[in-house]
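K.L.:
compute the structure for the input listed below.
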Amino acid sequence: VLSADIGVVIAPKDSTRADELLQYLDTALFTARRSTETCIRYFNASMRKQEVLKFDLAQEIRRGLTDGQFVAVYQPIFSVADGRLTGFEALARWQHPARGLVPPLEFIPVLEEQGFITQLTKSMLGLALEQLANWLTVHPDLFVSVNLSPERPINELKALGVKLALDDFGTGYSSLSYLSKIKASALKVDRSFINSWSESSEDELLTTMVQLGHGTGMKVVAEGVETIEQLNYLKEIGCDNFQGYLSSKPLFSNDISETEWFKTGRVV
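P.N.:
Presented below is the predicted three-dimensional model:
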């Protein structure tokens, strides 16, 4: 099946210069390609403004990576059965010199489009491994997970002894087809399914996901757990671990060392 994305620019309405018209045409075509469906996009001034803003943001991100502005926060992961601290998920944040702490939704898409995501991943791995080494002196069984792009060399990582988890299961890249491809050690259930259960009390999907994970030899981690009712239900269906605001939001490492759950190794 053939399909086409089309960008259109009008002369002389948009411009009378050939080189400028070609630039605007590229902008319209790029906007069309970003759509999830085949479409036609006509150039307008707002498109150009967005492109300029994105270009400026990409330059700031490039400087931020070079200057070490990207930092890690950590969200704890606990055992569903007994509240024992089992590990952390390392999450990237941008400590912008003027804007303060920038959330990932603002910079991750640009990193991916500009090809900077591997550089961020290497930086995050370095930060997470150094921090894990410190934590292991207090809690010797902890792990730290770091998000990787699907294009990363999976087999090479597994050869190094790295364990893999299928993140945000049920959405995006995390489909059933990837279970057999990467042979992960853990399956992380996306928060949207936890929310759906809270709203409708329909338990078929969550129960099936837990059974699927256990049936293929994986631990199951529930993301986005925010209420005690959600946690109690996860206990009923045999989910292994959980993370979410019920126990803790993502924190900087210095703040983690002061929490009661880190000192005791267990959340109440």
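K.L.:
Leu251 against Val73, yeah?
P.N.:
Yes. The pair Leu251 / Val73 is scored as a contact, 6.1 Å apart, by C-beta atoms under 8 Å. Where C-beta positions appear, they are placed from N, C-alpha and C, glycine not excepted.
K.L.:
Leu91: how many residues sit nearby?
P.N.:
18 (other C-beta atoms under 10 Å).
K.L.:
likewise for the one 5 residues further on?
P.N.:
Using other C-beta under 10 Å, the number of residues around His96 comes to 16.
K.L.:
contacts only, for it.
P.N.:
Contact analysis of His96 by C-beta atoms under 8 Å, 6 or more residues apart in numbering lists Glu60, Gly64, Gln69, Val102.
K.L.:
sort out which of these are in helices and list them.
P.N.:
Judged by DSSP state H, those include Glu60, Gly64 as members of helices.
K.L.:
generate a ChimeraX selection restricted to the buried subset of the contacts of His96.
P.N.:
Isolation of the buried members of the contacts of His96 (16 or more other C-beta atoms under 10 Å) is achieved in ChimeraX through the command below:
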select :60,64,69,102
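K.L.:
tell me which residues are up against the host helix or strand of Lys122.
P.N.:
For Lys122, the host element (DSSP states H and E) is helix 117-135. Contact partners of helix 117-135, identified using C-beta under 8 Å, 6+ apart, comprise 65, 68, 70-72, 74, 88, 90, 92, 108, 111, 142-144, 146-149, 152, 253.
K.L.:
kindly check the end-to-end length of stretch 249-263 for me.
P.N.:
The first and final residues of stretch 249-263 sit 17 Å from each other (C-alpha to C-alpha, to the nearest Å).
K.L.:
perfect, I'm done here.
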